[in-house]
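Visitor: quick check, what structure comes out for this input:
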Amino acid sequence: QVQLVESGGGLVQAGASLRLACAASGRTFRRSAMGWVRQAPGKEREFVAAISRLGGNTFNADSVKGRFTISRDINTVYLQMNSLIPEDTAVYYCAARSGGPSRLQYEYDYWGQGTEVTVSS
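Guide: Numbers count the residues shown, from 1 in each chain. Next up, the predicted model:
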């Protein structure tokens, strides 16, 4: 079991930065690959970034490449978001899965409640 709690969302202007955090608890966190997924108003959830169990393998969606960075430490997964644009407005969810990191949302077993990010123009 893994419990996930996101934080760090808020309202910012375009061009600003935010750092999201996902605090994890549970015995299997260290064996879990992690991902960030977002859902914009009126749209389906989309993959944002993922990181392997030990952090050595990361990848991002094309829409955030060069702007967002995923990282992790012992108990937390982070999403550093730079050069934010209005299209980044969404609720951001972190998720965990056993095995390797994945772009496929259905492969994630555990989900947080989400943190809202709003980027004004």
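Visitor: show me the shaky parts of the chain.
Guide: Counting by pLDDT under 70, the chain contains no low-confidence segment.
Visitor: 80 instead?
Guide: The chain contains residues with pLDDT under 80 at 1, 27-28.
Visitor: need the residue closest to the centroid of it.
Guide: Centroid-nearest residue in the chain: Trp36, 2.4 Å away (criterion: C-alpha atoms, centre = their mean).
Visitor: now that one. Nearest residue, chain neighbours left out?
Guide: The shortest distance from Trp36 to any non-neighbouring residue, by C-beta to C-beta, 6 or more residues apart in numbering, is to Val48 (4.2 Å). Bear in mind the C-beta positions are built from the backbone N, C-alpha and C, glycine included.
Visitor: just Ala16 next, same as before
Guide: Of all residues not flanking Ala16 in the chain, Leu84 sits nearest, at 5.4 Å (C-beta to C-beta, 6+ apart).
Visitor: before we move on, back to that, the residue nearest to Trp36 belongs to a strand, doesn't it?
Guide: Yes. Looking at Val48 with DSSP: H, G, I helix; E, B strand; the rest coil, it is inside a strand.
Visitor: could you report the neighbour count for it?
Guide: Val48: 24 surrounding residues under other C-beta atoms under 10 Å.
Visitor: got the CA positions of stretch 94-103 in PDB?
Guide: Output of stretch 94-103 as PDB, limited to C-alpha atoms (Å, rounded to 0.1, in the frame of the first residue of the first chain):
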ATOM      1  CA  CYS A  94       0.800  11.900  -8.500                       C
ATOM      2  CA  ALA A  95       0.600   8.100  -8.900                       C
ATOM      3  CA  ALA A  96       2.600   5.000  -8.000                       C
ATOM      4  CA  ARG A  97       3.100   1.600  -9.500                       C
ATOM      5  CA  SER A  98       5.300  -1.400  -9.000                       C
ATOM      6  CA  GLY A  99       7.600  -2.100 -11.800                       C
ATOM      7  CA  GLY A 100       9.100   0.500 -14.100                       C
ATOM      8  CA  PRO A 101       7.900   4.000 -14.900                       C
ATOM      9  CA  SER A 102       5.100   4.300 -17.400                       C
ATOM     10  CA  ARG A 103       3.300   6.800 -19.600                       C
END
